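**Student:** Any chance you can model this:
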Amino acid sequence: MPLILCLMDNIDEIVSQSSINLNDTETAFSYRSNEELQFSYFIFRMFKNPSLVSFFSSMGLLALKLRLPIDWIIKKTIFRQFCGGTSIKDCESTIQKLGEANVGSILDYSVEAAQKETDFDNTRDELIKILKMSKGNSYIPFGCLKMTGMARHDILEKVSAGKELKPNEKELYLKALKRLETVCQTAYDSDTRLFIDAEETWIQVAIDKMAEAMMIKFNKKKPIIYTTLQMYRHDRIDYLNQLINQAKTQGWKLGVKFVRGAYLEKENLRAKEKGDPTPMQADKKSTNRDYNLALQISVENLDTISICAGSHNDKSCLYLTELMKSNKIAKDFKGIYFSQLYGMSDNISFVLGAEGYNVTKYLPYGPVRFTTPYLIRRAQENTSVAGQTGKELNIITQEIKRRKTA
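**Tutor:** Alright, predicted model coming up:
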């Protein structure tokens, strides 16, 4: 494939020639009312102030720790922007609205870092409910899970470090594996693909091994279980090639969701405190390079791998559409999906959906108190990622002006 081999060197030029207009704000915000647009503008304006985000993040976590009644404030502000509701039922109208615009929903039960076995069992049961509901529902093409919702963080860390577990820890670890297998079996029975999300590097080895085991078991005929690769790590291209070779050799189908990553500052800080080399890329340019290279490698191996490009980066999304075009891959080919978080990058999701590509939105939901860590991460990420808040404000402002003059 000679064209695909030269695309990496000319990505800016290739993307500039795309016929897809990601600045089409009318399409991007067709499902949002004027009041909803103004509200989104208000939220992203707040994100422009890092000191304000830092203050409210600290106060929010402290208030939760002290069990102060702040749920109503969170629910009326940042929760409204980034979450579908407190329950699956709350999300139904949003799922319908997105689906009618050719954008699927990934119901994300955003309860993280639980500690009690009862909490882990509740998460398992909620995931099973989602997967059963998604059976035959084209508006919900994927499920997703975080292992920290079903296993203790400290046990995942010990397994990742190769440390021996105590008898009671081993029992808890086996229980977590059983929960995961039960959820994956439900995904298989429901014929609904399932993402196992990536988390911090110091627990990721255990998660990677779990994901590999589930893919080997359930992906014999087609990809049902997907692992997740965070491309801001400098070792992920090697790992991707390893997974592709493993799948080809052992005769199973690989599913991978690519993201850039959501724990950059936390990762660098931990590495510095421990005196270890950072697992992160040297710079943003290197992350972009490896992300786009991963897309290229995947398109060259579609007989083995199915992918989801989880990205808010316009260039990477357009690059993937050009890879598909140059290789005569149909826009609705089920082996390639695009995905963005609910409440962000609507210009990518809805424009690509209108163009006929497979697109999904991560739609978080759950009790306000338990989704707050996720919401704080969204706020911090929007503040720290260069240009993201400015980009969101720019496209929202464009649409507000367009509607005023229309």
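
**Student:** Nearest to the middle of the protein, which residue? Look it up for me.
**Tutor:** Gly310 (5.6 Å; C-alpha atoms, centre = their mean).

**Student:** which residues pair with that residue across the strands?
**Tutor:** Ser339 (DSSP bridges).

**Student:** So it is in contact with Met344, correct?
**Tutor:** No: with contacts counted by C-beta atoms under 8 Å, Gly310 stays clear of Met344, the gap being 11.5 Å. (C-beta placed from N, C-alpha, C; glycine too.)

**Student:** circling back: identify the residues contacting the residue nearest to the centre of the chain.
**Tutor:** Taking C-beta atoms under 8 Å, 6 or more residues apart in numbering as the criterion, Gly310 is in contact with Thr228, Lys257, Phe258, Val259, Ser339, Gln340, Tyr362.

**Student:** Ser306: what secondary structure?
**Tutor:** Of the three states, Ser306 takes strand under DSSP: H, G, I helix; E, B strand; the rest coil.

**Student:** Contacts only, for it.
**Tutor:** Lys222, Pro223, Tyr226, Lys253, Leu254, Gly255, Val256, Lys334, Gly335, Ile336.

**Student:** So it versus Cys144, what's the distance?
**Tutor:** 15 Å (C-beta to C-beta, to the nearest Å).

**Student:** Most neighbours out of the contacts of Gly310, which is it?
**Tutor:** In terms of neighbours by other C-beta atoms under 10 Å, the contacts of Gly310 top out with Ser339 at 28 neighbours.

**Student:** rewinding a little: from the contacts of Ser306, which land in strands?
**Tutor:** Cross-referencing the contacts of Ser306 against strands under DSSP state E gives Tyr226, Leu254, Gly255, Val256, Ile336.

**Student:** got the contact list for the fourth one?
**Tutor:** Yep, that's Val256 we're talking about. When contacts are counted by C-beta under 8 Å, 6+ apart, Val256 is found next to Tyr226, Thr227, Thr228, Leu229, Leu240, Leu243, Ser298, Ile305, Ser306, Ile307, Cys308.

**Student:** just to revisit the earlier point, out of the ones in strands among the contacts of Ser306, which one sits closest to Asn34?
**Tutor:** Ile336 (34.4 Å; C-beta to C-beta).

**Student:** Glu399 reaches Glu36, doesn't it?
**Tutor:** No: using C-beta under 8 Å as the test, Glu399 is too far from Glu36 to be in contact (10.8 Å).

**Student:** neighbour-wise, which of those two wins?
**Tutor:** Counted by other C-beta under 10 Å, Glu399 and Glu36 do not tie: Glu399 has more neighbours, with 24 against 13.

**Student:** which residue packs closest to the more buried one, ignoring adjacent ones?
**Tutor:** Nearest residue to Glu399 in three dimensions, chain neighbours excluded: Thr25, at 3.8 Å (C-beta to C-beta, 6 or more residues apart in numbering).

**Student:** check contacts around that neighbour.
**Tutor:** Thr25 neighbours (C-beta under 8 Å, 6+ apart): Asn347, Ile395, Gln398, Glu399, Arg402.

**Student:** Whichever of these end up buried, select them in PyMOL.
**Tutor:** Here is the PyMOL command that picks out the buried ones among those, judged by 16 or more other C-beta atoms under 10 Å:
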select buried, resi 347+395+398+399
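
**Student:** Turn the contacts of Thr25 into JSON lines, columns for secondary structure and distance to Asp283.
**Tutor:** Formatted as JSON lines, the contacts of Thr25 follow (DSSP: H, G, I helix; E, B strand; the rest coil; distance: C-beta to C-beta, whole Å):
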{"residue": "Asn347", "secondary structure": "helix", "distance to Asp283": "26"}
{"residue": "Ile395", "secondary structure": "helix", "distance to Asp283": "26"}
{"residue": "Gln398", "secondary structure": "helix", "distance to Asp283": "30"}
{"residue": "Glu399", "secondary structure": "helix", "distance to Asp283": "32"}
{"residue": "Arg402", "secondary structure": "helix", "distance to Asp283": "36"}
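
**Student:** circling back to that earlier point, from the ones in strands among the contacts of Ser306, pick the one nearest Arg233.
**Tutor:** Closest approach to Arg233 among those (C-beta to C-beta): Val256, at 13.7 Å.

**Student:** Could you find the closest non-adjacent residue to the closest one?
**Tutor:** Nearest non-adjacent residue to Val256, counting by C-beta to C-beta, 6+ apart: Ile307, 5.3 Å away.

**Student:** Need the pLDDT of that neighbour.
**Tutor:** pLDDT for Ile307: 98.

**Student:** isn't it right next to Phe258, touching?
**Tutor:** Yes: the pair formed by Ile307 and Phe258 meets the contact definition of C-beta under 8 Å, at 6.5 Å.

**Student:** which residues are common contacts for those two?
**Tutor:** With C-beta under 8 Å, 6+ apart, Ile307 and Phe258 have common neighbours Leu295, Ser298.

**Student:** A helix includes Glu322, no?
**Tutor:** Yes: membership of Glu322 in a helix is supported by three-state DSSP.

**Student:** Kindly provide the distance from it to Val256.
**Tutor:** 20 Å.

**Student:** try Gly162
**Tutor:** Counting by C-beta to C-beta - Gly162 and Val256 are separated by 25 Å.

**Student:** wait, which of the contacts of Gly310 is closest to Asp108?
**Tutor:** Scanning those for proximity to Asp108, where the rule is C-beta to C-beta, the winner is Tyr362, at 5.1 Å.

**Student:** which secondary structure elements does the one helix or strand Lys178 maps to contact?
**Tutor:** For Lys178, the host element (DSSP states H and E) is helix 167-190. Applying 3 or more C-beta pairs under 8 Å, 6 or more residues apart in numbering; DSSP states H and E, we find helix 167-190 packed against helix 117-134, strand 142-145, helix 153-160, strand 193-196, helix 201-218.

**Student:** closest to Pro373 out of these?
**Tutor:** For Pro373, the closest of the helices and strands packed on helix 167-190 is helix 153-160, at 12.2 Å, according to C-beta to C-beta.
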